[in-house]
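# fold the following, please.
(2 chains)
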Amino acid sequence: MTSTHAVPRTAATAPEISRTRSLRQVLQVQSFQILLVLMVIFLMFSALAPDVFPTWGNVRQIIQNVSILGVLGIGMTFVIVTSGIDLSIGSNLVFSGVVAAKVMQAMGDTGWGTAIVGIFVAVGCGLGWGLLNGVLIAKAKVPPLIVTLGTLGGALGLAQVITGGVDIREVPAVLQDTIGYGNVPGTTLPTISLIAMVLILIFGTVLHRTRFGLYTFAVGSNEESARRVGVKVDRQLISIYVLSGGLAGVAGILSLSQYGTTAIAGQSATNLNVIAAVVIGGTSLFGGVGTIFGTVVGLFIPAVLQNGFVIVGIQPFWQQVAVGAVLVVAVYVDQRRRAAAARGHSAKADGKKKLFGRRSS
Amino acid sequence: MTTIPVLEARGLTRSFGNVRALDGVDFDVHAGEVVALIGDNGAGKSTLVKALSGNLALDSGKILFAGGEVELGSPSQASSLGIETVYQDLALAPHLNAAQNMFLGREIPKPGFQGRLGFMDNRTMRAKSREAFDELGATVRSLSDPVGSMSGGQKQAIAIARAVAWAKGVIFLDEPTAALGVVQTRNVLETIRRVRDKGVGVVFISHSMPHVIDVADRIQVLRLGRRVATYEAKKTTVEELVGAMTGALDGAHS
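Residues are numbered from 1 along each chain as shown, chains lettered A, B, ... in the order given. Predicted structure coming up:
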């Protein structure tokens, strides 16, 4: 996951396969440009508040805050690579958390048995909403924006129906102590962050190394040609929305563990924050392009800004202004580069190269 | 020819609303033969190709592959018989590279457990793609750049190489030279001959009568969703073909 297309480069004339990319090419990849932006922001705050900002305690705080969004960002990256969108993740998170909390409340005790049932219930709810999204998008051909706008309302509404609009605050202590506030034994790394990292590594590998990932890009790149060569496009789309939903379910139980409440009203902008991070990280809303790595970097920019503004004493509301600007600039730079690439290639290469130039001639 | 055609259509019919795109059309192509399919706009050439490559449901009619009746309900069914198509729009995924496009839908898995997890043998796929491009003499500069950034000629080369690599029975080329220059066109025609010599049946759709006469063994003319004439390429003229296409003279020898 250190480069977008980790496929080695092969020049037409050189049969040997080299695994290196020049530094210049790496720098042209948006996820690396945005990594540089993140580093600049980090160094800036480090210079402004050298005693507070660049400490492990503070960085740990940032990592912990980003973890749940990171889990959601995985699914959103897959979805946006197919040129889709999933607005329902925040509501799905709330719904999964509410149902899991309700079930765990009914079971009464606060041990691991209850917690494990709660985890399965949350993930199951998430998968269910994802399946509904996927089937409506792939089979009923309703646009993803509309389908997930519908399930956004549906899941949130049902969560409120189930609870009567009142947050459930009874969460098994084991969940809160281990996943919520706990560290990985022997370290000061939050457990919740380790869970997010493991999921990011697994699904980053799936997206960038496996056939499932390749088909995700193929569907986003040209759905019709993918279909013609025998890719089961409908099944692929359904799987991806199920994945996004399932991860929202995981995020639901993580959120429950971290905050100790269902926080029904607390996720209204989660979907947009995650979408912004995915796009800042270089994933194209038009499909076919994207990396999990970029999404992770894209999530850290708002989190670091928020944290840094508080520390240096600027009103944290500026964070929203800054993130908005970064988002627009990121997409602008991306569009410029695409246009330049299209011009450069057609002007240079066309006509000069022979299509089927015989090697002997 | 007396042998059994590798692919034969009998009385295919398909209507779109009130329009009869195919009106009982017949068609046949033998192994190791280039058949040109010509006709004016709207004669039903593309519709016929869609039907024979598994992209179109038919109202009636029979399709025979090597003498046996087959159902071509999907492109993958056609592919499994060794029928491949180069579409006018090339049907490449622009964000994927040449090797990924070459093997899309037919990836080679890594051996053993990794393969079952969905990991792919990229090295072998790249090597085989390189071989396939070299075999056609196609200049594909990079196997790792997205094909969307390549020139029209290179995209065409990739699409043709992909079809040639997988076509064991029949290959359809829907106006493969429409967007190409003089040299590139000559190379495509040369490729068509080489594929034919491998024993594959080639169906070549074109509006360019000189190309058709140059490369085809037989020429079948469509008009208003029917086959109205079949000519031996050596014994016909551009005037005769245009006459049959427009209906100015009705094809006598079929």
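# which element is residue B:35 on?
strand B:34-39 (DSSP states H and E).
# chain neighbours aside, what residue packs nearest to residue A:143?
residue A:137 (7.6 Å; C-beta to C-beta, 6 or more residues apart in numbering or on different chains). Placement of C-beta: from N, CA and C, glycine included.
# quick one, what contacts that neighbour?
A:84, A:143-144, A:147, A:237-238, A:241 (C-beta atoms under 8 Å, 6 or more residues apart in numbering or on different chains).
# tell me the buried residues in stretch B:63-74?
B:63-65, B:70, B:72 (16 or more other C-beta atoms under 10 Å in any protein chain shown).
# with pLDDT, distance to residue A:183 and secondary structure added, can I get these in JSON lines?
Compiled in JSON lines, these are given as follows (pLDDT from 0 to 100; distance: C-beta to C-beta, whole Å; DSSP: H, G, I helix; E, B strand; the rest coil):
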{"residue": "B:63", "pLDDT": "92", "distance to residue A:183": "66", "secondary structure": "strand"}
{"residue": "B:64", "pLDDT": "92", "distance to residue A:183": "70", "secondary structure": "strand"}
{"residue": "B:65", "pLDDT": "92", "distance to residue A:183": "65", "secondary structure": "strand"}
{"residue": "B:70", "pLDDT": "91", "distance to residue A:183": "63", "secondary structure": "coil"}
{"residue": "B:72", "pLDDT": "87", "distance to residue A:183": "60", "secondary structure": "coil"}
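# pull out the buried residues from the helix or strand hosting residue B:193.
For residue B:193, the host element (DSSP H and E) is helix B:182-197. For helix B:182-197, a neighbour-count test (16+ other C-beta under 10 Å) marks B:184-189, B:191-192, B:195-196 as buried.
# chain center to the biggest helix by length in chain A: distance?
Criterion DSSP state H: the longest helix present in chain A is helix A:318-349. Relative to its chain's centre, helix A:318-349 lies at 20 Å (C-alpha atoms, centre = their mean, to the nearest Å).
# centroid residue for chain A?
residue A:73 (1.4 Å; C-alpha atoms, centre = their mean).
# which phi and psi values does that residue adopt?
phi -70, psi -30 (degrees, to the nearest 10).
# ok, now residue A:168?
phi -90, psi 130.
# against residue A:102, how distant is it?
Per C-beta to C-beta, to the nearest Å, residue A:168 is found 7 Å from residue A:102.
# hey, where'd the helices end up in the chain?
Because you didn't say which chain, this covers chain A. Using DSSP H, helices in chain A cover A:23-28, A:30-48, A:56-81, A:89-107, A:112-138, A:144-163, A:173-174, A:191-209, A:211-221, A:223-228, A:233-259, A:270-280, A:292-312, A:318-349.
# other chain: chain B
Under DSSP H, chain B gives helices at B:45-52, B:75-80, B:98-103, B:113-116, B:122-136, B:152-166, B:182-197, B:209-215, B:238-246.
# contacts (any at all) between chain A and the fourth one?
No - with C-beta under 8 Å from any C-beta of the partner chain as the criterion, chain A is not reached by helix B:113-116; the gap is at least 9.4 Å.
# returning to that earlier point: and the helices of chain A as JSON lines, adding mean pLDDT and distance to residue B:221?
Shown next, in JSON lines, are the helices of chain A (pLDDT from 0 to 100; distance: least, C-beta to C-beta, whole Å):
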{"stretch": "helix A:23-28", "mean pLDDT": "62", "distance to residue B:221": "52"}
{"stretch": "helix A:30-48", "mean pLDDT": "91", "distance to residue B:221": "53"}
{"stretch": "helix A:56-81", "mean pLDDT": "96", "distance to residue B:221": "46"}
{"stretch": "helix A:89-107", "mean pLDDT": "96", "distance to residue B:221": "57"}
{"stretch": "helix A:112-138", "mean pLDDT": "96", "distance to residue B:221": "41"}
{"stretch": "helix A:144-163", "mean pLDDT": "96", "distance to residue B:221": "46"}
{"stretch": "helix A:173-174", "mean pLDDT": "89", "distance to residue B:221": "79"}
{"stretch": "helix A:191-209", "mean pLDDT": "96", "distance to residue B:221": "50"}
{"stretch": "helix A:211-221", "mean pLDDT": "96", "distance to residue B:221": "38"}
{"stretch": "helix A:223-228", "mean pLDDT": "89", "distance to residue B:221": "27"}
{"stretch": "helix A:233-259", "mean pLDDT": "97", "distance to residue B:221": "36"}
{"stretch": "helix A:270-280", "mean pLDDT": "94", "distance to residue B:221": "53"}
{"stretch": "helix A:292-312", "mean pLDDT": "94", "distance to residue B:221": "54"}
{"stretch": "helix A:318-349", "mean pLDDT": "74", "distance to residue B:221": "36"}
